[in-house]
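A.B. asks: Below is the sequence, then the predicted model.
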Amino acid sequence: MAATEKGDVYVVWDDRHNIYFTSTHDDQTKFTPTVVLGEKKNLASSPQLAATESGDVYVVWAEKNNVTGNSNIEFISSNDSGKTFSGKKEISGANNTIPFSPQIAATEKGDVYVVWLDISNKTGDSNVELISSNDSGKTFSSQKDLRKGMSKSFSPQIAATENGGVYVVWVEKNNKTGQSNVELISSNNSGMSFDDTKKLTSGKPLSFSPQLAVTENGDVYVAWVNKNNKTGDTDILFRSSNDSGTSFDDRKNLRRSESLLSFSPQITATEKGDVYLVWTDKNSTTGRSDITFRSSNDRGLDFKRAVRLNAGEDKISNSSSPHIATTQEGSVYVIWLENQIQFKEILDKDAIFSIPISLSNKTTSAVSAEITGTKTGDLILVWVDKNNSTDRSLHIKRISGHYFDRNS
């Protein structure tokens, strides 16, 4: 999902065979007819979306040709707010590889960046690949190997800024030692060239699930999960850079408790130096899982105490999959799954607003929840409600001025 300041909301999803697209504009109460973006005869998955204020919409996904068996990363774009789309492009060009897990970032000036993983059919190794466009997706540069060698890469994430900053983070697993590290690579010239790869982790713990947030000021924030090989405990680790990724501060462990397993971190940041994180904490003894929130107001140098967002609930909770959004004014909003979608507002200075609000139908189970915010203070939420494996419905809700609009 992507939302713009002027009220455009774009949603893309798949059913493992097709890629679907719809959009809503102005008041978010009416959606355009659903459009199928891929080839119906092929297998399509993992769609990702980026959009700009000027009406550019970009979609990428992985597609496998049922006739030839070949797999590619597909790209399609619209320059009129999703009313019409260009013909799709195959942007992955390596032979004897299986591309998957595409991620996309775009800027207002027309820069588009796509990163994905390539698995070698011969060795099974996976590389991080990137391709870029500086003319709103009309033409693309040649494919770049950001990481190539005798190892496996996982979970790529990408972010870009208007001033030409491009940042990619992923997990690197050594085939010989089995150790995994979080690695980052950056460019300050719109992807024309990249600095050397930086290893953000070290030692024996296994690292996974990296998340990335960047600002136009040159702040770069990375959070991930570290797993202790001996105890099995997992912690949330954090590192920050205030010079566009040239150097990073020391690692910070944001969650220290031997009885908790932490996972699913999410991170967001503002231009004025606020950094917000949420994740899931599971008690290994009781089985209870909670949503934990921490914040920093000095660009990640110091963090305030951890706050449990579903505090006050007596029952054994089963909270998971948190997502977070913020406005430049300092309000933070978190949603998570607990059968129904749970919503929580955190005002300036981390004041908790009321109790969690359930947004979805109590007779259904909610999945695939996302939230995004705008500078005007509007929030857009999207999720899927399911009654069974075949009955699913897509929901959108706008939150504006602390009032809930109707479900669409």
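C.D. replies: Here it is on my side, so go on.
A.B. asks: mean confidence for stretch 45-65?
C.D. replies: For stretch 45-65, the mean pLDDT works out to 94.
A.B. asks: starting at the chain centroid, how far to it?
C.D. replies: 13 Å (C-alpha atoms, centre = their mean, to the nearest Å).
A.B. asks: Give me the buried positions along it.
C.D. replies: 45-52, 56-64 (16 or more other C-beta atoms under 10 Å). Glycine gets a C-beta too; all of them are placed from N, C-alpha and C.
A.B. asks: In which helix or strand does the residue nearest to Ser136 when sequence neighbours are not counted reside?
C.D. replies: Excluding its sequence neighbours, the residue lying closest to Ser136 (C-beta to C-beta, 6 or more residues apart in numbering) is Gly110, at 4.2 Å. Using DSSP states H and E, Gly110 is not contained in any helix or strand.
A.B. asks: thought Gly110 was touching Ala160?
C.D. replies: No. Applying C-beta atoms under 8 Å as the test, Gly110 and Ala160 come out as separate, 11.5 Å apart.
A.B. asks: ok, the two, which is more surrounded?
C.D. replies: Ala160 (23 against 16; other C-beta atoms under 10 Å).
A.B. asks: following the strand or helix carrying Leu212, which helix or strand shows up next?
C.D. replies: Using DSSP H and E, Leu212 sits in strand 206-214. Remark: after strand 206-214, the chain's next helix or strand is strand 220-227, criterion DSSP H and E.
A.B. asks: What are the neighbouring residues in contact with the residue nearest to Ser142 when sequence neighbours are not counted?
C.D. replies: Leaving aside its sequence neighbours, Ser142 sits nearest to Ile131 (C-beta to C-beta, 6+ apart; 7.6 Å). Residues in contact with Ile131 (C-beta atoms under 8 Å, 6 or more residues apart in numbering) are 91-92, 113-114, 140-144.
A.B. asks: Can you list which of the buried residues of stretch 45-65 are found in helices?
C.D. replies: Assignment to helices by DSSP state H places none of the buried residues of stretch 45-65 there.
A.B. asks: in a strand, that's where Asp385 is, yeah?
C.D. replies: Yes. Assessed with DSSP: H, G, I helix; E, B strand; the rest coil, Asp385 lies in a strand.
A.B. asks: so where is the stretch 151-300 of the chain shaky, pLDDT-wise?
C.D. replies: Within the stretch 151-300 of the chain, the stretches with pLDDT under 70 are 203, 256-258.
A.B. asks: how about a cut-off of 80?
C.D. replies: Where the stretch 151-300 of the chain drops to pLDDT under 80, the residues are 151, 174-178, 202-205, 229-232, 255-259, 284.
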